[in-house]
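*Asks:* structure for this input, please:
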Amino acid sequence: MSVTYSTVTWSDVGSLSTFSPKIVPFGLPMNQFLNPSSSSSTFGFSASLQGSSRLQLDSRIVISKGRQAFPFVVRSDHPQNADAPKQYSKREKKPFPVPIVDLRRAARERVKNNKDKPKRPLPPPKNGMVVKSLVPLAYKVYNARIRLINNLHRLMKVVRVNACGWCNEIHVGPYGHPFKSCKGPSASQRKGLHEWTNSVLEDVIVPLEAYHLYDRLGKRIRHDERFTIPRVPAVVELCIQGGVEIPEFPTKRRRKPIIRIGKSEFVDADETELPDPEPHVPSVPLLTELLPSEITPPSSEEETVSLAEETLQAWEEMRAGAKKLMRMYRVRVCGYCPEVHVGPTGHKAQNCGAFKHQQRNGQHGWQSAVLDDLIPPRYVWHVPDVNGPPMQRELRSFYGQAPAVVEICAQAGAEVPEQYRATMRLEVGIPSSVKEAEMVV
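*Replies:* Prediction:
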């Protein structure tokens, strides 16, 4: 193995026309072939290395004051290819976002650091107040969700979305995919093949609901109260607790911090001396969902592309804003089922029907939620060319996946964001036939 050393000093700049690097054996020390006392025509190489073999430079020559060359490395925050997130079976428990060992270690460290120190007042929202700096963000997330729903209603008029009539799998494209992945009733009789039908918006955006809390610091919801408390979309409940005022879902807004009298007991501060609160007027008007009679498809291709770009932007705004709200307003998720609760502690309703729920008497196993628990993305197969040949079952390993919203917008003409290009495998060349795929090493 050989390597080319190219060393240039400022005194040698005038004679670059005679410069030619030499090939030297790899591992040879630098002081064995560099001779600073030699003339500028040989650029410091010893006579034993001035052979007839020369290497033409295809790259640029870097002139620096030093004699050491550093490699140029290109790095990227996103991998070139990646697999879709793992889908856990009904018999598996979701992993904790932070391992239990790390949580216990952090708790012991926190107790050790706060020992013999006066207790600090609780910050909002733990003291019952609203984080005022996040109120505009809550309105932004709420309106982004409404824009996303309205735009998807219109895009689904021009972009075909297929849904299986036996399972919850969907596919974006003029026709369904040929993969045998159906796990619905009588799937063995159909050998795992899907039966594709028309889809609705709830197939693209999972209708995940949560209990609405009038007081997020109040008592936990009991099992006998599960039918008396209204349920709203989980993202909407997060926005309501973040400061969004919706007349249909009133919420208790404190103007003074609570007074703690125990670890889990508190009393509200006296607010009688405060003036009457003024009616809240939102700085940003709340959007509303379109009626079925108001849903119209885009009239031109340019409008379709513009609508797809706006839809993708609303999707990113909703997810990014909800992630910031979840840092302050805690969201809990059951480790066994998709149930989500927006609040400091989960409810006591015994309605968990997941694997081995009899051993837990139907109670949920609450743990901290992540963004995909609150806004679950429905991953679908990415169609490389909508107008090209159909997807082949034997080339399944070459196809990528993307959230259904991203795939709809991509087929409508929107540019794919960088964070989704890896799972969609846009940089992977798909063979044209099975014979060509067998030749891939």
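*Asks:* what is the neighbour count of residue 113?
*Replies:* For residue 113, the neighbour count with other C-beta atoms under 10 Å is 8. To be clear about C-beta, it is placed using only N, CA and C from the backbone, and glycine gets the same treatment.
*Asks:* kindly state the pLDDT recorded for residue 268?
*Replies:* For residue 268, the pLDDT comes out at 89.
*Asks:* contacting residues around stretch 351-358?
*Replies:* With contact meaning C-beta atoms under 8 Å, 6 or more residues apart in numbering, stretch 351-358 is reached by 90-91, 226, 334, 336-337, 339, 360, 362-365.
*Asks:* how far is that stretch from where the chain is centred?
*Replies:* Distance, stretch centre to chain centre, for stretch 351-358: 28 Å (C-alpha atoms, centre = their mean, to the nearest Å).
*Asks:* next, the buried residues of it.
*Replies:* Judged by neighbour count using 16 or more other C-beta atoms under 10 Å, the buried positions of stretch 351-358 are 352, 354, 357.
*Asks:* and the first one, how far from residue 361?
*Replies:* So the one you mean is residue 352. 9 Å (C-beta to C-beta, to the nearest Å).
*Asks:* how about the helices in the chain?
*Replies:* For the chain, helices defined by DSSP state H occupy the ranges 100-113, 135-155, 201-204, 234-241, 301-328, 371-374, 404-412, 418-424, 434-438.
*Asks:* what is the fourth one packed up against?
*Replies:* Under the contact definition 3 or more C-beta pairs under 8 Å, 6 or more residues apart in numbering; DSSP states H and E, helix 234-241 sits against helix 135-155, strand 209-211, helix 301-328, strand 340-342, helix 371-374.
*Asks:* if you set the cut-off to 6 Å instead, what comes out?
*Replies:* helix 135-155, strand 340-342 (3 or more C-beta pairs under 6 Å, 6 or more residues apart in numbering; DSSP states H and E).
*Asks:* same deal with the second one?
*Replies:* Counting by 3+ C-beta pairs under 6 Å, 6+ apart, the packing neighbours recorded for helix 135-155 are helix 234-241, helix 301-328.
*Asks:* quick check: angle from it to helix 234-241?
*Replies:* Here the directions of helix 135-155 and helix 234-241 differ by 150 degrees (axes from the mean of the first three to the mean of the last three C-alpha atoms, to 10 degrees).
*Asks:* how deep is the residue nearest to residue 361 when sequence neighbours are not counted tucked in, by neighbour count?
*Replies:* Leaving out its chain neighbours, the residue that sits closest to residue 361 by C-beta to C-beta, 6 or more residues apart in numbering is residue 350, at 6.0 Å. Applying other C-beta under 10 Å, we find 15 residues neighbouring residue 350.
*Asks:* quick one: contacts for residue 350?
*Replies:* By C-beta atoms under 6 Å, 6 or more residues apart in numbering, the residues touching residue 350 are 223, 361-363.
*Asks:* can you pull the phi/psi pair for it?
*Replies:* Phi and psi for residue 350, reported as degrees, to the nearest 10, are phi -90, psi 70.
*Asks:* look up the pLDDT of it for me, please.
*Replies:* Here the pLDDT value assigned to residue 350 is 95.
*Asks:* same question, residue 159
*Replies:* So, for residue 159, pLDDT stands at 96.
*Asks:* likewise residue 8?
*Replies:* At residue 8, pLDDT is 42.
*Asks:* same check on residue 36?
*Replies:* At residue 36, pLDDT is 43.
*Asks:* one step back: tell me which of the helices and strands packed on helix 135-155 is the most buried.
*Replies:* helix 234-241 (a mean of 25; mean count of other C-beta atoms under 10 Å).
*Asks:* distance from the chain centre to it, please.
*Replies:* Put simply, helix 234-241 sits 19 Å off its chain's centre (C-alpha atoms, centre = their mean).
*Asks:* and residue 295, what does it touch?
*Replies:* residue 153.
*Asks:* what do you get if the cut-off is 8 Å, keeping everything else the same?
*Replies:* Residue 295 touches 150, 153-154, 157, counting by C-beta under 8 Å, 6+ apart.
*Asks:* cool, and residue 231?
*Replies:* With C-beta under 8 Å, 6+ apart, residue 231 has these contacts: 209-212.
*Asks:* of the contacts of residue 295, buried ones?
*Replies:* Among the contacts of residue 295, those buried by neighbour count (16+ other C-beta under 10 Å) are 150, 153-154.
*Asks:* which one of those sits closest to residue 245?
*Replies:* Closest approach to residue 245 among those (C-beta to C-beta): residue 150, at 21.3 Å.
*Asks:* out of the helices and strands packed on helix 234-241, deepest packed?
*Replies:* Greatest burial across these, using mean count of other C-beta under 10 Å, falls to strand 340-342, with a mean of 26.
*Asks:* what pairs with it, and is each one parallel or antiparallel?
*Replies:* With DSSP bridges as the test, strand 340-342 is paired with strand 331-334 (antiparallel).
*Asks:* touching the partner strand from outside, list them.
*Replies:* Contacts of strand 331-334 (C-beta under 8 Å, 6+ apart): 94, 234, 238, 339-343, 345-346, 352, 354, 364-370, 373-374.
*Asks:* in this structure, where is pLDDT below threshold?
*Replies:* 1-78, 441 (pLDDT under 70).
*Asks:* what segments of this structure are strands?
*Replies:* 2-5, 22-25, 161-164, 170-172, 196-198, 209-211, 231-233, 259-260, 266-267, 331-334, 340-342, 366-368, 379-381, 401-403 (DSSP state E).
*Asks:* now for those, which one comes closest to residue 130?
*Replies:* Residue 130 lies closest, by C-beta to C-beta, to one member of the strands of the chain: strand 340-342, at 14.1 Å.
*Asks:* which outside residues touch the closest one?
*Replies:* Here strand 340-342 makes contact (C-beta under 8 Å, 6+ apart) with 208, 210-211, 213, 216, 234, 237-238, 241, 329-334, 347, 366, 369, 373-374.
*Asks:* give the ChimeraX command for selecting the buried subset of those.
*Replies:* In ChimeraX, a selection of the buried entries from the contacts of strand 340-342 looks like this (16+ other C-beta under 10 Å):
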select :208,210,211,213,216,234,237,238,241,329,330,331,332,333,334,347,366,369,373,374
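*Asks:* wait, residue 155 touches residue 410, no?
*Replies:* No. Under the criterion of C-beta atoms under 8 Å, residue 155 makes no contact with residue 410, lying 11.1 Å away.
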